[in-house]
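1. predicted structure and sequence below. I'll ask about it afterward.
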Number of protein chains: 2
Amino acid sequence: MNYAKRVHSPYGDGSLAGDLSLAVVRFARRLRGRRENKLVSLTQLSALSTLHHEGPMTPGALAAAERVRPPSMTRVIASLSDLGMIKREPHPTDGRQAIVTLAPAGMEVVTEELAARKAWLSDRLRELTPDERDTLRDTVLILNKVLADTED
Amino acid sequence: MNYAKRVHSPYGDGSLAGDLSLAVVRFARRLRGRRENKLVSLTQLSALSTLHHEGPMTPGALAAAERVRPPSMTRVIASLSDLGMIKREPHPTDGRQAIVTLAPAGMEVVTEELAARKAWLSDRLRELTPDERDTLRDTVLILNKVLADTED
DNA sequence: TATTGTTATACTCTATAACTATA
DNA sequence: TATAGTTATAGAGTATAACAATA
C-alpha cells in the first residue's frame, strides 16, 4: 500500500461511509471481547480515562464527554463508585449537581489498564509499517473531530 | 493538519493503542446510537452485508467472519430469518450444517440501509478534507488487516 | 418552570455451559 | 469421539419515560 501517492477518490464515492462503519464496529467488538478477567470494562475505563484527562466533572458533563445519555452514565458512575474507583462530592454552589473525581484506586487502574490493553493491541500495531501507524494516529484525530462536530 | 509531512512517531510511543481503542469504541457507540427507527440493527446489517459480499455460507462461517461466537450468530440468524431477510437451506452433504442465504428482502435492506446509514456519516465525512478521507480509507484497510491477523 | 440527576424498565449484543444431532 | 449448531442463562451497555430535588 502506498498511501502518499494514491490519487484522491472522488468526493462522493460513498463506499467510505459503509466500509468505515462496518470496520469500526467489528474492531470495537473485538476490543470489548479482549477484556475478560479485567478489573473494569471498556465503558468504565473510558469514563475513568476521561476523568483522568479532563479532571473532576459533573455526571452530566461526563455523559456528554462520553456521548451517552445521563441514565447510562448514572449506571457507569454507580458501578465505578462501588469499586471505589471514583468519589462523588457535593457541588459547591448547585445542590442538584455533584462532582465526580477519580479516587486513588481509579487512578491506579487507569494506568494499569491502559498498559494492559496496549499489550495485545500494541502487538498488532507493531506488525504494521510506520506509515500505517501514522495513518491510525491521524484517524484518531479525525474521528475525534467528527465526534466533536456532532453535537446533537 | 498536514499528514504527509509529519515525521513518524517513535516505534513504541505507546499512546496510539490507548487513543485508538478509545476513539474506536466511542465512534462505534455513536454509530449504533444512530440507528433508531431502522429496520435492522448494525449487528444484523453487518451480517447481511457479509452475506451480500461473500455469498451463502454456514452459520459457523458467518460467525467466524463476523468474529462472534456461534451462539451469538444463532440469535442474529434467527432474528433475520424472522424478518424474512435470510433463508436457511440444508447443507448438501452434511446434515449438521446449514446454508444461510440472503433473501430478496435482505438484499433490498442491505442496499437501502447502506444508503441510509451514509446519510449522516457522509455528511460528516463531506466536511473533511480529501486527505482526511484518504486517511480513513487507509484505516479501513488497516483495521481489516489487523482483524484478519488476529485469528484466535 | 427549567435543569440535573436518578429510578424503573426494557431491549440489544455478546458470552459460557450444556445439550442435540450428525459425522 | 469430534464437530456444527441450538438452547438456556447471564451480564454489560444503552435507551426512553417518569420521577425527585433544586434552581
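-> Arrived safely. Just so you know, these numbers come straight off a predicted model, no measurement behind them.
2. what's the average pLDDT for the longest helix belonging to chain A?
-> Once chain A is assigned using DSSP state H, the helix that runs over the most residues is helix A:104-126. The average pLDDT within helix A:104-126 is 80.
3. cool, stretch A:31-40 as well?
-> When pLDDT is averaged along stretch A:31-40, the result is 72.
4. now do the phi/psi pair for A:Met57.
-> Dihedral angles of A:Met57 (phi, psi; degrees, to the nearest 10) stand at phi -160, psi 170.
5. count the neighbours of it for me.
-> A count of nearby residues for A:Met57, using other C-beta atoms under 10 Å in any protein chain shown, gives 18. From N, CA and C alone the C-beta is placed, and that goes for glycine too.
6. so it makes contact with A:Ala98?
-> No: the criterion here is C-beta atoms under 8 Å, and A:Met57 misses it with A:Ala98 at 9.8 Å.
7. what stretches of chain A score poorly on pLDDT?
-> Low-confidence segments of chain A, defined by pLDDT under 70, are located at A:1-14, A:34-37, A:114, A:116-118, A:120, A:149-152.
8. wait, what's in contact with A:Met57?
-> A:51, A:65, A:99-100 (C-beta atoms under 8 Å, 6 or more residues apart in numbering or on different chains).
9. of all of chain A, which residue lies closest to chain B?
-> Taking C-beta to the nearest C-beta as the measure, chain A has A:Ala28 as its residue closest to chain B, at 3.5 Å.
10. would you mind naming what in chain A lies close to DNA strand C?
-> Within reach of DNA strand C by C-beta under 7 Å from any atom of the strand, chain A has these residues: A:29, A:32-33, A:36, A:58-61, A:70-71, A:73-75, A:77-78, A:88, A:91, A:94, A:96-98.
11. what about the residues you listed, which are in strands?
-> With DSSP state E as the criterion, strands contain A:88, A:98 from among the residues of chain A next to DNA strand C.
12. out of the residues of chain A next to DNA strand C, which are buried?
-> A residue is treated as buried here by neighbour count (16 or more other C-beta atoms under 10 Å in any protein chain shown); on that basis the buried members of the residues of chain A next to DNA strand C are A:29, A:58-59, A:61, A:73, A:77, A:98.
13. ok, of those residues, which one's closest to DNA strand D?
-> A:Met73 (7.6 Å; C-beta to the nearest atom of the strand).
14. tell me the spacing between the closest one and A:Val24.
-> Plainly put, A:Met73 is 22 Å away from A:Val24 if you go by C-beta to C-beta, to the nearest Å.
15. cool, and A:Glu54?
-> Using C-beta to C-beta, we find A:Glu54 at a distance of 23 Å from A:Val24.
16. more neighbours: which of these two?
-> A:Val24 (25 against 11).
17. residues from chain A in reach of DNA strand D?
-> Taking C-beta under 7 Å from any atom of the strand, the part of chain A that reaches DNA strand D is made up of A:32, A:41-44, A:68-69, A:71-72, A:75-76, A:79, A:93-96.
18. try it again at 10 Å.
-> By the rule C-beta under 10 Å from any atom of the strand, the part of chain A lying against DNA strand D is A:28, A:32, A:35, A:38, A:40-47, A:63, A:66-76, A:78-80, A:90-97.
19. returning to what we had before: tell me which two of the contacts of A:Met57 sit farthest apart.
-> Put simply, by C-beta to C-beta the two of these set farthest apart are A:Ala65 and A:Ile99, 14.1 Å from each other.
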